[in-house]
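Show me the folded form of this:
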Amino acid sequence: MLSILEELLEKDITITAREVARRHSAFNHAASITRNSDRQKLLRDFQEKQALVRKLTHSAKKIAKSSLIADLAEKD
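The predicted model follows:
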C-alpha cells in the first residue's frame, strides 16, 4: 500500500481510498482501507502531504509567473 501511495503522490493523482483499492491486489473495496485505523491513518497522512505539495506547487507557479512577467517587462 505504501508504494501505491508514493506513486500516487509522485504522479499527482488524487489520493483516495477508492484509488488505492483499485490499484492494490489485496484490497477489493475502499472500505478495506477505511475500516482499518492504521491504513486509514496512512491514507490520511498521504492526503495531507499531497495537499501541501499541491499548495506549494501552485504558489511556486504564481511566483514564477510573476517573475517571468517582470523579467519580460524589463526587457521591453
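
for the chain, what are the low-confidence residue spans?
Counting by pLDDT under 70, the chain shows low-confidence ranges at 68, 71-72, 75-76.

quick one: which helix or strand includes the residue nearest the centre of the chain?
Centrality entry for the chain: nearest residue to the mean C-alpha point is Gln50, 3.0 Å, by C-alpha atoms, centre = their mean. Here Gln50 sits within helix 37-75, counting by DSSP states H and E.

Enumerate the positions of that helix that are buried.
Buried residues in helix 37-75, counting neighbours by 16 or more other C-beta atoms under 10 Å, are found at Arg39, Leu42, Leu43, Phe46, Gln47, Gln50. All C-beta spots, glycine's among them, are computed from the backbone N, C-alpha and C.

tell me which strands and helices that helix is in contact with?
helix 2-11, helix 17-23, helix 31-34 (3 or more C-beta pairs under 8 Å, 6 or more residues apart in numbering; DSSP states H and E).

List the residues that contact the residue nearest to the centre of the chain.
Contact analysis of Gln50 by C-beta atoms under 8 Å, 6 or more residues apart in numbering lists Leu8, Leu9, Asp12, Thr14, Ile15.

roughly how far apart are the fourth one and Ser66?
Between Thr14 and Ser66 the distance, using C-beta to C-beta, to the nearest Å, works out to 27 Å.

With Glu10 instead?
Taken as C-beta to C-beta, the span from Glu10 to Ser66 is 27 Å.

for Ile4, same thing?
Distance of Ile4 to Ser66, computed by C-beta to C-beta: 36 Å.

One more: Ala21?
As judged by C-beta to C-beta, Ala21 and Ser66 stand 41 Å apart.

Please apply the same query to His24.
Note on His24: its distance to Ser66, by C-beta to C-beta, is 41 Å.

And Leu9, by the same measure?
27 Å.

What of Leu42?
Leu42 is 37 Å from Ser66, by C-beta to C-beta.

Also Arg54?
Distance of Arg54 to Ser66, computed by C-beta to C-beta: 19 Å.

for Arg23, what are its contacts?
Per C-beta under 8 Å, 6+ apart, neighbours of Arg23: Ile4, Glu7, Leu8.
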